[in-house]
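1. 3D model of this:
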Amino acid sequence: MKVFVAGASGRVGQELVSRLAARGYEVIAASRNAESRQWPTGVVAQDFDFHADVETMTAQVRGSDAVVFTAGSRGKDLLQTDAFGAVKLMRAAAAAGISRFIMLSSIFSLQPEKWEQEPSLKNITDYNIAKFFADEWLTRLSGLEWTLVQPSVLEEEAGTGLIELYPQHDGSIPIPDVAEVLARVLDTPSTVGKVLTIKRGDEPIADALARA
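-> As a prediction, the model looks like this:
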């Protein structure tokens, strides 16, 4: 399987690319200035800009079997990257005949009523709004075989391989565990059409996804 990872230079994206390459996937690592970075052996770097038009993106993703969106502007380019950039990538995947699309999002992105209740979400309302519209497009309008992964606060620490699926409240999760969830979703057809909310927990990732 050939997997196009958009936002591959980000914290989750880099971890995901390494995991997919180790599993034997063909991986296209796509990000701004990707061709100037070092990637695992066999990974193909693709310079990619979320400001590009759909036709340009379509040409870049064509030939892949799945697209994984892992990008995040960290508040610097919410409309062009986190919102409309994601939608353009969905449209490009559809135009290229790629049905499988996995989106990395944010916990409770589709539940605005929770944004004021959760401490980590109170001060990032603009980001939550951007993700809300992108995720609404994915789940309602894209026509793709989608999976939406909504992690809690990302922590730069060693992964545990354990998560809590569908938590009621926010928390945190190590970045390697988020990347592992994304990688395993590719091998778990039952996750198509599912919104997977996750944080650190005590259930093995494979077991949690098997019952998702």
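2. alpha carbons only for contacts and neighbour counts from here, please
-> Will do.
3. average pLDDT for the helix or strand where E55 lies?
-> Assigned by DSSP states H and E, E55 belongs to helix 54-61. Taken as a whole, helix 54-61 has a mean pLDDT of 98.
4. what lies in contact with the helix or strand following that helix?
-> Next in sequence after helix 54-61, counting helices and strands by DSSP H and E, comes strand 66-69. Contacts to strand 66-69, defined as Cα atoms under 8 Å, 6 or more residues apart in numbering, come from residues 1-7, 61, 86, 93, 98-104.
5. just the ones in helices from those, please.
-> Judged by DSSP state H, those include 61, 86, 93 as members of helices.
6. kindly reformat the residues you listed as a markdown table containing neighbour count.
-> Below are these laid out as a markdown table (neighbours: other Cα atoms under 10 Å):
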| residue | neighbour count |
| --- | --- |
| V61 | 26 |
| A86 | 27 |
| A93 | 29 |
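7. closest to D202 out of the residues you listed?
-> Using Cα to Cα, A86 comes nearest to D202 of the ones in helices among the contacts of strand 66-69, at 31.5 Å.
8. where's the closest one relative to P189, distance?
-> 22 Å (Cα to Cα, to the nearest Å).
9. same thing with A21?
-> 20 Å.
10. with Q150 instead?
-> 18 Å.
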